[in-house]
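Asker: I would like the atomic coordinates for the input below:
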Amino acid sequence: MARVRTARNPLVTVGVALTVAAAAGAGWGGWSWYGAAHDDSAAYAQTRDDALAAGEQAVQNMNTLDHQNLRKGLDSWEDSTTGDLHQQLVAGRTEFEKQIQQAKTVSTARVLSGAVTELDDRTGKAAVMVALRITVTAPKGKPAVKESRMLGQLTRTSEGWKLSALGQAPVGNTAG
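Answerer: I've put the predicted structure just below:
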């Protein structure tokens, strides 16, 4: 029996090769995406970003207060805090309200920059440094503007990250 030779269509050969290459590329892309989506470093980065956003907002809240809308401002302070800091704010609220109503000041803060300086995802603790521009307006006179650096300790709660401590960052050269 004689063998009949058939010519292969070059377009079919190219089409099959492209299909195989596309399937291999899609498989590799899917595997890479899955690996990246389930990578611990991606989850850690998201936790860091969440802590930073909450820390910046909480520090801004703690430096913003209007004597004409005092209840809302102090509620914001309490909502931004947890632990001992929260308890101090609640315990001193009445006295603080009196002081602000007498002073009739309005303070507004704007975050200039912030960074997470420590993060322990397992224990739910973080530390942030936030640079702010704070404007304080008294009933008479021009607004006073100052820049400030604050250090905050954060604790993860069931409601998200909250400030558990807040203080002024040291300024200037502290080296001896």
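
Asker: grab the most central residue of the chain for me.
Answerer: The chain has residue 53 as the residue nearest its centroid, 1.7 Å off, counting by CA atoms, centre = their mean.

Asker: whichever helix in the chain runs longest - contacts with which helices or strands?
Answerer: When the chain is parsed with DSSP state H, its longest helix is helix 10-37. Applying 3 or more CB pairs under 8 Å, 6 or more residues apart in numbering; DSSP states H and E, one finds that helix 10-37 contacts no other helix or strand. The way it works is simple: take the backbone N, C-alpha and C, and place the C-beta from them, glycine included.

Asker: circling back to that earlier point, just the pLDDT for the residue nearest to the centre of the chain.
Answerer: The confidence metric pLDDT takes the value 98 at residue 53.

Asker: that one and residue 91: what is the separation?
Answerer: 28 Å (CB to CB, to the nearest Å).

Asker: same thing with residue 21?
Answerer: 69 Å.

Asker: now the helices for the protein?
Answerer: Using DSSP H, helices in the chain cover 10-37, 40-62, 70-79, 83-103.

Asker: average model confidence for the longest helix of the chain?
Answerer: The pLDDT scores in helix 10-37 average 83.
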